[in-house]
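In: using only what follows, build the 3D model:
(one chain, ligands or ions: 1)
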Amino acid sequence: MAVTRTPFIAGNWKMNLDHLQAIAFVQKLAWSLADARHDFADAEVAVFPPFTDLRSVQTLVAADSLPIAYGAQDVSAHDSGAYTGEVSGAFLAALDCSYTIIGHSERRTYHHETDATVNAKVQAAHRHGIVPVVCVGETAEDLERHGASAVPVKQLRSALEGVDGSKGLVVAYEPVWAIGSGQAATPEQAEKVAAALREVIAELLGDQVADATRILYGGSVKATNIASFLREPNVDGALVGGASLDIDEFTSIVRFKKHVGA
Ligand code: 13P
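Out: Residues are numbered from 1 along each chain as shown. Presented below is the predicted three-dimensional model:
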């Protein structure tokens, strides 16, 4: 029997907005969603600010009981010790982070994160009760050489090796060529890869976990294309970069149900 997965709209701020800007932004986002009478049963909303903002976001969300989840953009594979510049999952858990992004293509490219690193970070997130948002995706060259699914499938297989499926998982399919390019994948492309990724989850973690796991699409998501992705059976939400920094645009993306059928 098919499980109903609550759609998940996540804003990856990347290296934008300091902690003061984050407070103003999250407050305004909450007002904007309230004004639009957003029903959080239609879509869960999460923001992923830089590390230095998380304490401020936590304080605001807790003080005003805002229905917005938040998480980090990365986590260390280690829990503590001599790892200059790294941030432990224990610290993120202490800030009530529900999620952490792991293996974003920008980290794989600029920080040379390997599939093994991504796997270690998934396990680290789980040790601290944080749900990993595991990013996978192919480059334009991979697409030409191997088609769309091969690289993301390989990356996910490796990310999930030895992982406990009961500890929560979100997967984001982000074709590298679609990130920040203005050229999103087609909904059909996203669906094809998402379906292949769900099969990997089923094989490694079982059907129940595969049914319950939300698979997001990311890469040039906007208010004008979100509904077409969410119409696909295996696409359960979006990881939004640039458009998540514009409150009206992000609110409109969260309210994608309004434009289904448009
Ligand atoms: P854009 O939405 O700016 O293309 O970025 C996507 C992304 O990398 C989200 O993690």
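In: and G218, what is it in contact with?
Out: N12, C135, G137, A172, Y173, E174, A178, I179, A238, L239, V240, G241 (C-beta atoms under 8 Å, 6 or more residues apart in numbering). C-beta here means a position set from N, CA and C on the backbone, and glycine is covered the same way.
In: measure it to the ligand for me?
Out: 4 Å (C-beta to the nearest ligand atom, to the nearest Å).
In: now E203
Out: Distance, E203 to the ligand, by C-beta to the nearest ligand atom: 26 Å.
In: just to be sure, that residue is in a helix?
Out: Yes: E203 sits within a helix when classified using DSSP: H, G, I helix; E, B strand; the rest coil.
In: for burial, what's the neighbour tally of it?
Out: Counted with other C-beta atoms under 10 Å, residues neighbouring E203 total 12.
In: quick one: end-to-end length of stretch 121-138, please.
Out: Stretch 121-138 has an end-to-end distance of 20 Å (C-alpha to C-alpha, to the nearest Å).
In: is it in proximity to the ligand?
Out: No: using C-beta under 6 Å from any ligand atom, stretch 121-138 never reaches the ligand; the gap is at least 6.7 Å.
In: the residue in the stretch 1-150 of the chain positioned nearest to the ligand and A34, how far apart?
Out: The minimum distance from the stretch 1-150 of the chain to the ligand, using C-beta to the nearest ligand atom, falls at N12 (3.7 Å). As judged by C-beta to C-beta, to the nearest Å, N12 and A34 stand 23 Å apart.
In: quick one, which of those two is more surrounded?
Out: Per other C-beta under 10 Å, whichever of N12 and A34 has more neighbours is N12, with 26 against 11.
In: show the pLDDT at that one.
Out: At N12, the pLDDT value in this model is 98.
In: phi, psi for the closest residue to it other than its chain neighbours please.
Out: In space, and not counting its chain neighbours, N12 is closest to F48: 4.7 Å by C-beta to C-beta, 6 or more residues apart in numbering. Backbone torsions of F48, given as degrees, to the nearest 10, read phi -130, psi 80.
In: which ones are touching the closest residue to the ligand within the chain?
Out: The nearest approach of the chain to the ligand comes at G241, 2.2 Å away (C-beta to the nearest ligand atom). By C-beta under 8 Å, 6+ apart, the contact list for G241 reads N12, K14, I179, G180, G218, V221.
In: confirm E188 sits in a strand?
Out: No: looking at E188 with three-state DSSP, it is helix, so not inside a strand.
In: can you give me the helices in this structure?
Out: Listed in chain order, the helices of the chain (DSSP state H) span residues 19-35, 54-63, 89-94, 105-110, 115-127, 140-146, 150-160, 187-205, 207-212, 226-230, 247-254.
In: how far out from the middle of the chain is the shortest one?
Out: In terms of C-alpha atoms, centre = their mean, to the nearest Å, the gap separating the centre of helix 226-230 from the centre of its chain is 16 Å.
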